[in-house]
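**Q** model this:
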Amino acid sequence: MGAARGTAVAVLMLLAVASTGASEPLHPVGPGEKCPVCGMFVANYEHWLAQIVDGNNKPLVFDGVKDMMAYYFNSDRYGGGTDLSTAEIWVRNYYTLDYIDGRSALYVVGSDVLGPMGDELIPFSTRKEAENFKSDHHGTAILSFAQITSSQIMEMKKKHMMKMKKKKATQAN
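**A** Numbers count the residues shown, from 1 in each chain. All right, here's what the predicted structure looks like:
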């Protein structure tokens, strides 16, 4: 009787989640998981987590949207190679920390808020959230997923690498 009750409770919980439309990636992030782009341990950056679940149901976890997009545009470079055009994309709303569909999210770029790897695309569920953040944090633009380009992402990564080299050179002196 106890097992049947447990099963019934689990089924009811699943139905409740399904009926509310709530959804998020099912892949829990373990302490040893690394970003496939930069190699950082992603669990240390819970607020910045982003995930791609590819067509083979393989979850990939990133320490920020910028690295996720770098992988999305150039998966071959990072050991992927799978077509990601239909992959599930999950990002965390900056204000609520809820996982949201990365393809429908809006992203603020050019703000004074830095992620684990420097300049970051800051995700939001609504235009109002994105506009408020952009105003409060001196963002330069609000982009949809479709407006983000590989060249923008590579430029952001290049800028971070230049800052790191400059910091390293300053520390050496």
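**Q** drop to CA atoms for contacts and neighbour counts, all remaining ones
**A** OK.
**Q** quick one: V61 is in a strand?
**A** Yes - assignment of V61 by DSSP: H, G, I helix; E, B strand; the rest coil places it within a strand.
**Q** show me the beta-bridge partners of it.
**A** According to DSSP bridges, the partner residues bridging V61 are Q51.
**Q** next one: it from D67, what distance?
**A** 10 Å (Cα to Cα, to the nearest Å).
**Q** so what's G32 closest to, chain neighbours aside?
**A** Excluding the flanking residues, the one nearest G32 by Cα to Cα, 6 or more residues apart in numbering is F41, at 6.4 Å.
**Q** follow-up on the earlier one: what do V61 and D67 both touch?
**A** C35 (Cα atoms under 8 Å, 6 or more residues apart in numbering).
**Q** quick one: contacts for the residue nearest to G32?
**A** Contacts of F41 by Cα under 8 Å, 6+ apart are P31, G32, E33, K34, C35, D63.
**Q** burial of the second one, as a residue count?
**A** For G32, the neighbour count with other Cα atoms under 10 Å is 10.
**Q** go on, the first one?
**A** Neighbours of P31 under the rule other Cα under 10 Å: 10.
**Q** not counting its neighbours along the chain, what's nearest it?
**A** A43 is the one closest to P31 (Cα to Cα, 6+ apart), at 5.4 Å.
**Q** state the distance from D83 to L106.
**A** Taking Cα to Cα, one finds D83 at 23 Å from L106.
**Q** looking at these two, which is more packed in?
**A** Per other Cα under 10 Å, whichever of D83 and L106 has more neighbours is L106, with 25 against 13.
**Q** you'd agree the more buried one is up against K128?
**A** No - the criterion here is Cα atoms under 8 Å, and L106 misses it with K128 at 10.0 Å.
**Q** returning to what we had before: which ones are touching the residue nearest to P31?
**A** Counted by Cα under 8 Å, 6+ apart, A43 has contacts V29, G30, P31, G32, E33, L49, D63.
**Q** pLDDT added to the residues you listed, as CSV?
**A** Listed next are the contacts of A43 as CSV, based on pLDDT from 0 to 100:
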residue, pLDDT
V29, 87
G30, 88
P31, 90
G32, 92
E33, 92
L49, 95
D63, 95
